[in-house]
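Peer 1: Predicted structure and sequence below. I'll ask about it afterward.
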Amino acid sequence: MDLKSLGRVLVFPVHMIYLIVKACVCWLLPSRRTGLGGEVVLVTGGGRGIGRHLAREFAKQGARKVILWGRTEKCLKDTAEEISLLGTECHYFLCDVANREEVYKQAKVVREKVGDVTILVNNAAVVHGKSLMDSDDDALLKSQHINTLGQFWTTKAFLPRMLELRHGRVVCINSILSQSPIPGVVDYCTSKASSLAFMESLTLGMLDCPGVGCTTVLPFHTNTEMFQGMKVR
């Protein structure tokens, strides 16, 4: 093992320990919790995985309405029915966030049929799990369009109304790989790093916007369909 590789091996656990300690400190410090009553939440990629779990949790925590966006109708329908059984009004719409025109079109439909979205959860993402040389060009583009650019279009579609209302939040479900990349998922790591920079810039740009804010979440390995078969050593 050369010095460069050895350096990466040594730095990674140190960085992980730092992030874990930072997360523990944030968890221990008292936070201002606000209720979700009256909130209209839209979750992209809401038919499965983290999106599905989040949508259910928003319903359990008292959100007035939950809206699901995704590309697979069966998954969206099943999740919507499950949330409706919890007593929360739930709607779903087929929407590929990589398609800018489709995002703007469906955003208009949501406003007309459901109302103003006050919490936008940018969760939709894909991963191909290949090295750069083994990756198909179209697959590389797809991950960037969904994981990064898709957030541009959804945020542009819903943030202006939040700013008018002086009430709302943009949430990004990112990944720890945005800060600690690993080999074999070059498309995913790159897109998540771009997404993190987008959210940091967006957050700074809204510091003077009363009532509207941003939240970025950096999960570690999750036991979901997207990472099925992946093991952490």
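Peer 2: Structure's in. What do you need? These figures come from a predicted structure and were not determined experimentally.
Peer 1: Next secondary structure element downstream of the least confident helix or strand in the chain by mean pLDDT?
Peer 2: Lowest mean confidence among the helices and strands of the chain (mean pLDDT, DSSP states H and E): helix 3-28, at a mean of 72. As assigned by DSSP states H and E, the chain's next helix or strand after helix 3-28 is strand 40-44.
Peer 1: tell me the mean pLDDT over whatever helix or strand comes next after that next one?
Peer 2: Next along the chain after strand 40-44, taking DSSP H and E as the criterion, comes helix 49-60. For helix 49-60, the mean per-residue pLDDT is 97.
Peer 1: Which strands or helices does whichever helix or strand comes after helix 49-60 pack on?
Peer 2: As assigned by DSSP H and E, the chain's next helix or strand after helix 49-60 is strand 65-70. Contact here means 3 or more Cβ pairs under 8 Å, 6 or more residues apart in numbering; DSSP states H and E; on that basis strand 65-70 packs against strand 40-44, helix 49-60, helix 73-85, strand 89-94. Every C-beta, even on glycine, is put in place using the N, C-alpha and C of the backbone.
Peer 1: gap between the closest residue to Cys75 other than its chain neighbours and Val109?
Peer 2: In this structure, Cys75 finds its nearest non-sequential neighbour in Gly47, 3.1 Å apart by Cβ to Cβ, 6 or more residues apart in numbering. Using Cβ to Cβ, to the nearest Å, we find Gly47 at a distance of 17 Å from Val109.
Peer 1: So if I had to pick from these two, which one is more boxed in?
Peer 2: Gly47 (25 against 12; other Cβ atoms under 10 Å).
Peer 1: Poorly predicted segments of this protein, please.
Peer 2: Within the chain, the stretches with pLDDT under 70 are 1-10, 26, 30-34, 221-233.
Peer 1: need the contact list for Thr190.
Peer 2: Gln144 (Cβ atoms under 8 Å, 6 or more residues apart in numbering).
Peer 1: Pretty sure it sits in a strand.
Peer 2: No - under DSSP: H, G, I helix; E, B strand; the rest coil, Thr190 sits outside any strand and is assigned helix.
Peer 1: The residue nearest to Cys75 and Ile83 touch, don't they?
Peer 2: No - Gly47 is not in contact with Ile83 according to Cβ atoms under 8 Å; the separation is 11.2 Å.
Peer 1: ok so, going back, out of the helices and strands packed on strand 65-70, which one sits most buried?
Peer 2: strand 40-44 (a mean of 27; mean count of other Cβ atoms under 10 Å).
Peer 1: still on that earlier bit, take the helices and strands packed on strand 65-70 and write them to CSV, including distance to Leu196.
Peer 2: Listed next are the helices and strands packed on strand 65-70 as CSV, based on distance: least, Cβ to Cβ, whole Å:
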stretch, distance to Leu196
strand 40-44, 17
helix 49-60, 16
helix 73-85, 27
strand 89-94, 27
